[in-house]
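**Q** coordinates for the following, if possible.
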Amino acid sequence: MKAIQFCLFIALIVLGACSEERQISGHLDGMPELFPDYAEVTIPYNIAPLNFAVRSDREPVLAQFSDGNLSFEIESQDGEIQIPAKKWNRLLSAAKGKSIEITIAQKQQGKWMAYAPFTIHVADQPVDPYIAYRLIEPGYALWNQMGIYLRNLQSFDETAVYENKITNYNCVNCHSFCMQNPDRMLFHMRAKLDGTVLINDDRAELLDTKTDQTISALVYPYWHPSGKYVAFSVNKTTQQLHPTNRTEVYDTASDVVVYDIEKHTILSVPAILSKNSFETFPSFSPDGRTLFFCSAPACSMPDSINTLRYSLCSLSFNPETGTFGEKIDTLYNARINPKSVSFPRVSPNGKFLLCTLSDYGTFPIWHKEADLYLIDLQTKTGVYPEVANSDDTDSYHSWSSNSHWVVFSSRRLDGLYTRPFIAYVDKDGNIAKPFLLPQKDTGYYDLLMKSYNIPEFVTGKVRNHSVEIRKMVGQERIPVRFTWSNP
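**A** Here you go, the predicted model:
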């Protein structure tokens, strides 16, 4: 009996190996409507399967994948193309540095009729294995459940770094990693349990960051590459409903400071603490010797919101002494070029700076005109990467550790929810057509009623940590223990 079963097993393998692909009998005009639109995108060779749906009349669909040597095909009765992980990974490995050709066919009167094929380019540069992000309802004033999550880009696994249900449903925001390092991170707690949770290797602590020196608690963070400092802004922020942009967030005062995490001291200079200007969104260069930030002349708010534009500035910083230079340089002058700069981020190789430009203000996530803008730090020239931008909001972004990938938030799908898109950047700063973060279920984004906020590349899993915090809630001092729940 076992011998018969073994023979049948071998026969099935032989038949499977010798089976021919389904015959294409004719051709259709145009291109199929795909969601997500993965046609002509550039992807890393270590990305999860790019499952997609052919949006037609739910007729049977055939998808053929080939790099010229290795090939496979998937037949679907409802237009949903679910790609087996093992076949996908083998194909990506074979196609590294080349392209995959995909042919979509539909069955009409019993015959397969094919559209013109399209390609997916496979870069020979890998992407960092994780991204971290906050999931939150895109509301204007109220929120309830939210959390920070970690997504494995090589699969569809998502784990919680922190969920606010364990701390009385307070607000959590502005997570940040030191050079994509999962062992050095921080995030802010707001409302009743306020403070900044800082993870520095094996040490985890809650910092009370409001001091007599600052106009607020520490806000938008960016780590120094050494891990010794974190740059923050301090902001008096107001949010209002807006007739055009749904909601408008603006500062009535703001400064930039640097926090020494070893000495627990705040560093700054009068030039970036001036009441004559608003400073915000700091970031460091990869060598740690330049502090970038956005600056605008102080004005009456919200009266001047439509004319408030931030320039991109820089100031030298000495990490050995914790001191600043005296001269502020301007890389993008909003008085000459009437756009407002947000979120300056330098590539880890130091070649490029990616930022967001909008018509005015300092919070572009509801500005439909907000676009990505890339500055070459050698030539000091900037361009809009047109293939990466859209007709809706393209805003927050971060670089991968090898400087070849950016992940950014965009509302291009429906104008309501921010979704994460990933784009390849070559050595000359050319950005390829971005692709939507793939999901196992192609209808996932249609059903998800939360926005992806602050997508950040991470090189590994956030380790398990615990922090006990004792805070007053009403008349009761309650203990709260944070636990990073990564298996």
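
**Q** now for the protein, the helix or strand with the poorest mean pLDDT.
**A** helix 2-18 (a mean of 40; mean pLDDT, DSSP states H and E).

**Q** what average pLDDT does whatever helix or strand comes next after that helix get?
**A** Going down the chain from helix 2-18, the next helix or strand is strand 24-27, by DSSP states H and E. For strand 24-27, mean pLDDT rounds to 88.

**Q** parallel or antiparallel, which strands does strand 24-27 pair with?
**A** The sheet places strand 24-27 alongside strand 111-114 (parallel), with pairing taken from DSSP bridges.

**Q** quick one, helices of the chain?
**A** Taking DSSP state H, the helices of the chain run over residues 2-18, 85-94, 444-447.

**Q** residues contacting the last one, please?
**A** Read it as helix 444-447. By C-beta atoms under 8 Å, 6 or more residues apart in numbering, the residues outside helix 444-447 that reach it are Leu413, Tyr417, Arg419, Leu436, Gln439. C-beta: built from backbone N, CA, C; applies to glycine.

**Q** mind listing what's buried in it?
**A** Within helix 444-447, the residues scored as buried using 16 or more other C-beta atoms under 10 Å are Tyr445.

**Q** could you give me the average pLDDT of that helix?
**A** Helix 444-447 comes out at a mean pLDDT of 96.

**Q** and the average pLDDT for stretch 82-98 is what?
**A** pLDDT averaged over stretch 82-98 gives 97.

**Q** neighbouring contacts of that stretch?
**A** Stretch 82-98 has contacts (C-beta under 8 Å, 6+ apart) with 43, 45-51, 65, 67-70, 72, 74, 76, 100, 121-124, 155, 440.

**Q** end-to-end on that stretch?
**A** End-to-end distance of stretch 82-98 (C-alpha to C-alpha, to the nearest Å): 22 Å.

**Q** buried sites along it?
**A** So for stretch 82-98, counting by 16+ other C-beta under 10 Å, buried means Ile83, Lys87, Trp88, Asn89, Leu91, Leu92, Ala94, Ala95.

**Q** same question, stretch 230-241
**A** Quick answer for stretch 230-241 (16+ other C-beta under 10 Å): Val230, Ala231, Phe232, Ser233, Val234, Asn235, Thr237.

**Q** Phe278: which of those is nearest?
**A** Taking C-beta to C-beta as the measure, Phe278 lies nearest Asn235 of those, at 8.5 Å.

**Q** any idea how far Phe281 is from the closest one?
**A** Applying C-beta to C-beta, to the nearest Å, the value for Asn235 to Phe281 is 10 Å.

**Q** same check on His367?
**A** 15 Å.

**Q** what about the strands in the stretch 151-300 of the chain?
**A** Taking DSSP state E, counting those that start in this stretch, the strands of the stretch 151-300 of the chain run over residues 158-163, 172-178, 181-189, 195-200, 203-207, 222-223, 229-242, 246-260, 265-267, 277-284, 290-297.

**Q** Ile104 versus the residue nearest to Ile272 when sequence neighbours are not counted, what's the distance?
**A** Nearest non-adjacent residue to Ile272, counting by C-beta to C-beta, 6 or more residues apart in numbering: Val256, 4.5 Å away. Distance from Val256 to Ile104, counting by C-beta to C-beta: 51 Å.

**Q** more neighbours: the two, which one.
**A** Neighbours were counted for Val256 and for Ile104 using other C-beta atoms under 10 Å; Val256 has more, 28 against 24.

**Q** surely the more buried one is in contact with Phe293?
**A** Yes: using C-beta atoms under 8 Å, Val256 is in contact with Phe293, at 4.8 Å.

**Q** what touches both of these two?
**A** Contacts common to Val256 and Phe293, judged by C-beta under 8 Å, 6+ apart, are Ala231, Ser233, Ile272, Glu279, Thr280, Pro282.

**Q** a markdown table please, covering those and showing pLDDT and distance to Arg184.
**A** Below are the shared contacts of Val256 and Phe293 laid out as a markdown table (pLDDT from 0 to 100; distance: C-beta to C-beta, whole Å):
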| residue | pLDDT | distance to Arg184 |
| --- | --- | --- |
| Ala231 | 97 | 14 |
| Ser233 | 95 | 20 |
| Ile272 | 90 | 24 |
| Glu279 | 96 | 24 |
| Thr280 | 97 | 23 |
| Pro282 | 98 | 17 |
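
**Q** nearest to Glu326 among the residues you listed?
**A** Nearest to Glu326 among the shared contacts of Val256 and Phe293, with distances taken as C-beta to C-beta, is Ile272, at 11.7 Å.

**Q** okay, and for the protein, where does confidence drop off?
**A** 1-21, 57-58, 139-143, 192, 240-246, 464-487 (pLDDT under 70).

**Q** ok, now with 80
**A** 1-21, 56-59, 138-144, 166-168, 191-194, 202-213, 239-247, 463-487 (pLDDT under 80).

**Q** list the buried residues in stretch 364-381.
**A** For stretch 364-381, by 16+ other C-beta under 10 Å, it's 364-375, 377.

**Q** the residues you listed in strands, which ones?
**A** Judged by DSSP state E, the subset of the buried residues of stretch 364-381 located in strands is Asp371, Leu372, Tyr373, Leu374, Ile375.

**Q** which residues does the third one bridge with?
**A** Yep, that's Tyr373 we're talking about. Cys355.

**Q** and it, what does it touch?
**A** Contacts of Tyr373 by C-beta under 8 Å, 6+ apart are Tyr332, Lys339, Val341, Leu354, Cys355, Thr356, Leu357, Gly382, Val383, Tyr384.

**Q** and those residues as TSV, adding distance to Ser395 and neighbour count?
**A** Output for those, formatted as TSV (distance: C-beta to C-beta, whole Å; neighbours: other C-beta atoms under 10 Å):
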residue	distance to Ser395	neighbour count
Tyr332	16	22
Lys339	14	19
Val341	12	31
Leu354	11	24
Cys355	10	26
Thr356	5	26
Leu357	10	26
Gly382	17	18
Val383	18	13
Tyr384	14	14
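
**Q** can I get those residues in TSV with distance to Val61?
**A** TSV is the format used below for those (distance: C-beta to C-beta, whole Å):
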residue	distance to Val61
Tyr332	47
Lys339	44
Val341	45
Leu354	37
Cys355	41
Thr356	38
Leu357	40
Gly382	43
Val383	38
Tyr384	36
